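In: This is the structure alone, sequence omitted:
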């Protein structure tokens, strides 16, 4: 689980559906990324990071 991703999204008061819409992916795809079931592509990582206001490389740090 990417708790940090969920925390950032919730701190901004955004739903998974809203973030997914801005990124251009389905809510379920975003949910899989947030839960850690699926990795984010570099492209989607950059888009999600832009929407939520953090550096995209956070997705790829251990």
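Out: Thanks, I have the structure now. Source: prediction; values computed, not measured.

In: isn't residue 19 right next to residue 52, touching?
Out: Yes. Applying CB atoms under 8 Å, one finds residue 19 in contact with residue 52, separated by 6.9 Å. Yep, even glycine has a C-beta here, placed from its N, CA and C like the rest.

In: I'd like the average pLDDT over the lengthiest helix in the chain.
Out: Ranked by residue count, the top helix of the chain under DSSP state H comes out as helix 42-52. If you average the pLDDT over helix 42-52, you get 98.

In: mind starting the numbering at 14 from now?
Out: Happy to do that; since the first residue is 14 now, the last one works out to helix 55-65.

In: got the contact list for it?
Out: Under the criterion CB atoms under 8 Å, 6 or more residues apart in numbering, residues 18, 21-22, 25, 27, 32, 35-38, 43, 46, 53, 68-73 lie in contact with helix 55-65.

In: For residue 23, see how far away the most centrally placed residue in the chain is.
Out: Residue closest to the mean C-alpha point of the chain, counted by CA atoms, centre = their mean, is residue 61 at 4.7 Å. Residue 61 sits 14 Å away from residue 23, going by CB to CB, to the nearest Å.
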